[in-house]
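Engineer: build me a model from this:
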Amino acid sequence: MSIDQEAPESPVEAEAGIENETVNEELPHTEVGEHEYTIEELKQELEEAKQKAHDNWDKAVRTQAEMENLKRRTQKDLEDAHKFALTSFAKELLPVYDSLVLGLQAASGDSEDVKKFREGSELTIKQFEALFPKFNIVAIDPLGQPFNAEQHQAMLMQAVEGAEPNTVVNVFQKGYMLNGRLLRPAMVVVAKAAEKPSEDNA
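Structural biologist: Residues are numbered from 1 along each chain as shown. From the prediction side, this is the model:
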């Protein structure tokens with residue numbers, strides 16, 4: 001064997017060479033472009049990527065919630081539009097009904113003309129009253145009930161014997177509600193506490 005010739009690798013050296021090549025192939029390449037990233041830099045970039053993902057997810061959740069809220073508000077607006085579409089019309093119609101009732105109350109006498117007028121007025125009033133429930137119009141007639149500022153308008157306060165203070169003792173004009181919303185308050189007289197006699201008059 002000449003000196004220039006390389007001695008064959010021993011089985012141990014050959015195996016070690018294979019292992020070295022394998023290790024070299026398995027080493028991760030952290031070089032991007034001309035910059036080599038350190039472990040700390042990679043960790044920092046990973047945390048930043050996680051934060052961005054979290055922020056984007058949070059925005060997506062908020063957007064979804066806003067869309068659901070908008071959908072619910074739109075649905076409610078549509079329902080209210082259907083429920084209260086008759087509000088203006090009903091407000092204009094109530095004075096006509098009131099006039100019929102007042103006309104009937106004012107009609108007196110036993111003549112045939114008066115009787116016919118009363119019969120016609122009573123029939124028309126009954127038709128009105130039968131129509132109200134079909135459109136969820138409910139009368140407010142609070143005689144004898146406690147005064148409710150949300151549904152009643154006090155026209156007068158007066159002491160009434162035997163009546164509890166703050167109780168409705170007379171109804172000038174009925175109120176009305178449409179689908180639970182106030183169309184017109186009832187105009188009422190409310191009882192107040194009787195004044196105590198002064199000691200000078202005792």
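
Engineer: all strands for the chain, in order.
Structural biologist: For the chain, applying DSSP state E gives strands covering 31-32, 35-36, 137-140, 152-159, 168-173, 175-178, 181-184, 186-192.

Engineer: how about CSV for those, with mean pLDDT and distance to residue 125 added?
Structural biologist: Every residue, glycine included, has its C-beta placed from N, CA and C. Compiled in CSV, the strands of the chain are given as follows (pLDDT from 0 to 100; distance: least, C-beta to C-beta, whole Å):
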stretch, mean pLDDT, distance to residue 125
strand 31-32, 48, 90
strand 35-36, 70, 92
strand 137-140, 94, 12
strand 152-159, 94, 23
strand 168-173, 94, 15
strand 175-178, 95, 15
strand 181-184, 93, 17
strand 186-192, 95, 18
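
Engineer: where do the helices sit along the protein?
Structural biologist: For the chain, applying DSSP state H gives helices covering 11-26, 39-83, 87-106, 112-134.

Engineer: so which of those gets nearest residue 161?
Structural biologist: helix 87-106 (26.3 Å; C-beta to C-beta).

Engineer: and the angle for that closest one with helix 112-134?
Structural biologist: Orientation check (axes from the mean of the first three to the mean of the last three C-alpha atoms, to 10 degrees): helix 87-106 against helix 112-134 gives 150 degrees.

Engineer: in helix 87-106, what counts as buried?
Structural biologist: Buried residues in helix 87-106, counted by 16 or more other C-beta atoms under 10 Å: 90, 93, 94, 97, 100, 101, 104.

Engineer: residues in contact with it?
Structural biologist: 117-118, 121-122, 124-125, 128, 135, 137, 173, 176, 178, 181, 183-184 (C-beta atoms under 8 Å, 6 or more residues apart in numbering).

Engineer: of all those, which two lie farthest apart?
Structural biologist: 117 and 181 (35.0 Å).
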